[in-house]
Every structure is written in C-alpha cells, then in structure tokens.
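Visitor: 3D model of this:
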Amino acid sequence: MSANTNEPTGVTLAVDVVLFTIVEDQLNVLLVERETEPFRGSLALPGGFVLADETLEQAALRELKKETGVGTLNPVPGNPRHPRHRSHRIASERSSGQAESENLFLEQLETYGNPDRDPRGRVVTVAFWAVMAGLTRVQGGSDAARAELVPVASIESREVELAFDHERIVHDAVRRVQAKLRYSTLANRFCPPKYTISQLREVYNCLWETELDEGNFQRKVRSSPDFVVALEGTRTFGESGGRPARLFTQGNAYYLNSPISPPLSLHLSELSEAAKILRVSIDHKSGWATSSPELGDQAPADEDDDQD
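Guide: Below is the predicted model of the structure:
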C-alpha cells in the first residue's frame, strides 16, 4: 500500500536575520560561528526556531539579541505612510555590560523551504533583513561561539562559506537592499544621526559599487521632499579642509519623489539575476518557493508580499 502523500508532515518554523552595516566603505553582514551541530564551527546567519507564543518578528529580534548581543528595548513607531516599515530602539550589549541605544530597521525578506536545506529535518525559515548604522562591536552568546562582521564581498566571492542555504539568503538580501535604494529613503538608515550629503552618496556608491555624480546626486536628494532635513547652524569640516559642509538628518519620507537610478550595468545585472531566480523557482516547484526579491522590488506597489 502506498503512503498517503496528502497527510500533513512535520515542519519546523525558524527565522534568520541578515543584518547589514557599512564598515570602512564596505558593506558588512553580521554572522555567528555555530557552536552546535549541524555545521558546528561554521559561520551562519543569526537565527533559530520560532516559539509557539511569539510572532516571526519577535522571534527574529530575540534570536538576534541572544546570539549577537544586539537586541530590542522598546519599539518606536514606523513611518505611518508605510505600515510595514519597522523601526526599533535597540541596545547593543558590550562585554563591559554597557548598552548603547541605536536604531534598527527590520523587514521581512523571503521564505526558504527547500526540503533538504537542513539535515535535521524539514525546516522552513522566514528570513529578515536589517540595517544598523555604526555597528562595529558584537558579542556571541547562547549557541553562537562568537559573532563578527564580515564583508559581503567575501561571501559573494566564496572566500567565506556559510552553513545551510545562508549564502543564497545573503545574496537575496543584498539584491533587495540595492533595489530599495532606487525608490526609498533606505540609505538614511546606513548613516549616523547627523551626516553630510557626501556621506549619504557614499552609501549608494558602496551598495551599488559605483561612483555617482556628486552634483546630480545633490540635486536629486534636495529636490525630494522630506528625504533629508538640514540641521541649521551645524556644519562639519572635511578631511581636506575647505568650506565646511552642512549637516543633515533623516526626514519622514519613505518613498522618494523621483527614483535615484543606478548605473546601467547594475540594471542589466539585476535583470539577469531576476530571470535566473525566476527560472529556478519554476523548475523546482517545491511549493515553498517565493518570487524573486528583485522582481518584487521594482515598484512600491509590490511591497505588500512580505507581511507576516
């Protein structure tokens, strides 16, 4: 007698977090060294299993704090124009016991459920991506032997290998962030509370691996309502001296008045990547595959597919 394939199977739900920050003009991601099997000693994204009485977002924040020392204190409201925009007041716990208040941007990315992605059994993970400015020191905890910031370039070049399917998750998260830069004010999240327009432009240059024209970028930013807010009477001197630059802070807008376009080469790369991922989704027909993040982020209207 053949087995009844319509019977429910045991599926475990997990979360993983791809937390980005910029260190010395390089995009870095927060990783942990696994202290338990499977993949003991390997680098992986912070994450773990979802408890019965918590939301996916709560599970992501709990695992982030437990394994890296970065955790939530009190939620603060996101932008009312974009209800899925989550901003959390968090503390980064240091070995000295001190805590520093920071801002953490957290958003759901994709669901990953390939049947053989975890050797322990059928584990479906919901991945989140996050951004935190100025993160330089982290501390491993719980089942993480250590936590560290690793350049994304070393993962994409396969110099650093990750456990499970976490390389793919990091890849998808990078493409999501690159896409969002075009039409949202996400770049602000990579900046300190006070910054210059040049510092903001460096965020785009870093994530798009390009060099945007300074004059055009300045006009684009200043013409987009509430993208940035000038801080009156505050200026800073650059390393080369000269006229001090005006300082700005993040405005309340979430969407840009008009998109900031990356170089043509990046457009072509994204189109090629989107087509490849779409083909994989069609070929595998796993039942857990989700649409390409690049395709989902071409316009703000497609943002609603990430709700818990």
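Visitor: pull out the buried residues from the longest strand belonging to the chain.
Guide: Identified as the longest strand of the chain according to DSSP state E is strand 99-112. Using 16 or more other CB atoms under 10 Å as the test for burial, strand 99-112 gives 102, 103, 104, 105, 106, 107, 108, 109, 110, 112. Quick note: C-beta positions are derived from backbone N, CA and C, even for glycine.
Visitor: hang on, isn't the fourth one packed against residue 132?
Guide: Yes: between residue 105 and residue 132 there is a contact at 7.4 Å, judged by CB atoms under 8 Å.
Visitor: residue 140: what's it in contact with?
Guide: Shown in contact with residue 140 (CB atoms under 8 Å, 6 or more residues apart in numbering): 32, 33, 67, 68, 69, 146, 147.
Visitor: could I get the pLDDT score of the first one?
Guide: Residue 32 carries a pLDDT score of 97 in this model.
Visitor: who does the helix or strand encompassing it touch, helix- and strand-wise?
Guide: In this structure, residue 32 is located in strand 26-34 according to DSSP states H and E. Identification of packing neighbours for strand 26-34 by 3 or more CB pairs under 8 Å, 6 or more residues apart in numbering; DSSP states H and E yields strand 12-23, strand 43-44, helix 56-68, strand 144-151, helix 152-156, helix 166-183, helix 197-208.
Visitor: rerun at 10 Å
Guide: Counting contacts by 3 or more CB pairs under 10 Å, 6 or more residues apart in numbering; DSSP states H and E, strand 26-34 packs against strand 12-23, strand 43-44, helix 56-68, strand 123-132, strand 144-151, helix 152-156, helix 166-183, helix 197-208.
Visitor: look up which residues are beta-bridged to the spatially closest residue to residue 26 that is not a sequence neighbour.
Guide: The shortest distance from residue 26 to any non-neighbouring residue, by CB to CB, 6 or more residues apart in numbering, is to residue 151 (4.9 Å). Beta-bridge pairing of residue 151 under DSSP bridges involves residue 28.
Visitor: got the CA positions of stretch 187-197 in PDB?
Guide: Extracted in PDB, the C-alpha atoms of stretch 187-197 (Å, rounded to 0.1, in the frame of the first residue of the first chain):
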ATOM      1  CA  ALA A 187      20.100  54.900   2.500                       C
ATOM      2  CA  ASN A 188      19.400  57.200   5.500                       C
ATOM      3  CA  ARG A 189      19.500  54.000   7.700                       C
ATOM      4  CA  PHE A 190      23.100  53.400   6.900                       C
ATOM      5  CA  CYS A 191      24.100  56.900   8.100                       C
ATOM      6  CA  PRO A 192      24.800  58.300  11.600                       C
ATOM      7  CA  PRO A 193      22.200  60.700  13.100                       C
ATOM      8  CA  LYS A 194      24.000  63.700  11.500                       C
ATOM      9  CA  TYR A 195      25.600  63.400   8.200                       C
ATOM     10  CA  THR A 196      26.600  65.200   5.000                       C
ATOM     11  CA  ILE A 197      25.200  64.700   1.600                       C
END
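Visitor: what pLDDT, on average, does it get?
Guide: 94.
Visitor: buried set for that stretch?
Guide: 187, 188, 189, 190, 191, 195, 196, 197.
Visitor: show me those that map onto helices.
Guide: Judged by DSSP state H, helices contain the following of the buried residues of stretch 187-197: residue 197.
Visitor: quick revisit: distance to residue 247 added to the helices and strands packed on strand 26-34, as CSV?
Guide: Converted to CSV, those look like this (distance: least, CB to CB, whole Å):
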stretch, distance to residue 247
strand 12-23, 18
strand 43-44, 37
helix 56-68, 30
strand 123-132, 20
strand 144-151, 26
helix 152-156, 28
helix 166-183, 21
helix 197-208, 9
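Visitor: which stretch among those comes nearest residue 261?
Guide: helix 166-183 (6.6 Å; CB to CB).
Visitor: appreciated, that's everything.
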